[in-house]
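Student: With the sequence up front, the predicted model follows.
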Amino acid sequence: DAGVIQSPRHEVTEMGQEVTLRCKPISGHDYLFWYRQTMMRGLELLIYFNNNVPIDDSGMPEDRFSAKMPNASFSTLKIQPSEPRDSAVYFCASSRPGGYQPQHFGDGTRLSIL
Amino acid sequence: QKEVEQDPGPLSVPEGAIVSLNCTYSNSAFQYFMWYRQYSRKGPELLMYTYSSGNKEDGRFTAQVDKSSKYISLFIRDSQPSDSATYLCALENQGGKLIFGQGTELSVKP
């Protein structure tokens, strides 16, 4: 089975540019999560979706961040304009509905804002 | 105070040693307790989870939860170099959100 697929794996861009991160969840998984991982703050939940609908975006740091899930097999996390402090590894995870279901993570996008 | 506290290490042990990794938490509403393993440049993968207080064993790994003390542990017996990774505890609240510890970096030396 294919796991969670994220692209790009690495992104280096200059401050002020728009950044778009992409995620394809595992087929049949109704929940999709976006996380950010830094040395200082660890792994933090940014936003999660259930059946393509955003449920909790309280972790999104500011209005420069936005996320969408236009269909069950695709989600994007966008940063506009990007700043050096956004440099981090961004992970997407998905899980099945019902009871306790483990979250399956992609291998992340390593983002560097110069 | 953070909801979940975990010593980031690093922790270095010789091959064959017993490893003990721990987290403390402050919110008694957490329902599920998990341990994830993260290899370098990879996403976290679920290692073990438990719902109640007590022990749960899976091969060389034992997860322990003490809800009265708000303390969770992961023990690794007969540690191997392939166990070298960062181990993150994760607790799920009633809203279904995972709160992760900082992660402990483990190195098992041959």
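Tutor: Arrived safely.

Student: Any stretches of the chain with poor pLDDT?
Tutor: In the absence of a named chain, this looks at chain A. A:1 (pLDDT under 70).

Student: Apply 80 and report the result again.
Tutor: A:1, A:98-100 (pLDDT under 80).

Student: so who does the closest residue to chain B within it touch?
Tutor: Going by Cβ to the nearest Cβ, chain B is nearest to A:Phe105 of chain A, at 3.2 Å. (C-beta placed from N, C-alpha, C; glycine too.) Neighbour list for A:Phe105: A:4, A:35, A:91-93, B:43-45 [criterion: Cβ atoms under 8 Å, 6 or more residues apart in numbering or on different chains].

Student: Keep only those of those residues that are in helices.
Tutor: Among the contacts of A:Phe105, DSSP state H puts none in helices.

Student: So in terms of bridging, what pairs with the residue nearest the centre of chain A?
Tutor: Nearest to the mean C-alpha position of chain A, by Cα atoms, centre = their mean, lies A:Trp34 at 3.1 Å. A:Trp34 has these beta-bridge partners by DSSP bridges: A:Ile47, A:Cys92.

Student: hmm, who's touching the one helix or strand A:Arg22 maps to?
Tutor: Using DSSP states H and E, A:Arg22 maps to strand A:19-24. Here strand A:19-24 makes contact (Cβ under 8 Å, 6+ apart) with A:4-8, A:11, A:13, A:32, A:34, A:73-80, A:82, A:86, A:90, A:92, A:106, A:109, A:111, A:113.

Student: Only the buried subset of these, as a ChimeraX command please.
Tutor: To isolate the buried subset of the contacts of strand A:19-24 in ChimeraX, counting by 16 or more other Cβ atoms under 10 Å in any protein chain shown, use the following:
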select /A:4,6,11,32,34,75,77,79,82,86,90,92,106,109,111,113
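
Student: where does chain B have low pLDDT?
Tutor: B:1, B:93-96.

Student: Run through the residues of it sitting next to chain A.
Tutor: B:32, B:34, B:41-46, B:49, B:51, B:88, B:92, B:95, B:97-103 (Cβ under 8 Å from any Cβ of the partner chain).

Student: Mark which of those are buried, thanks.
Tutor: Counted by 16+ other Cβ under 10 Å, the residues of chain B next to chain A give B:32, B:34, B:43-44, B:49, B:88, B:92, B:98-103 as buried.

Student: what's around the closest residue to A:Asn51 other than its chain neighbours, how many residues?
Tutor: Excluding its sequence neighbours, the residue lying closest to A:Asn51 (Cβ to Cβ, 6 or more residues apart in numbering or on different chains) is A:Asp30, at 5.3 Å. Other residues near A:Asp30 number 16, with proximity taken as other Cβ atoms under 10 Å in any protein chain shown.
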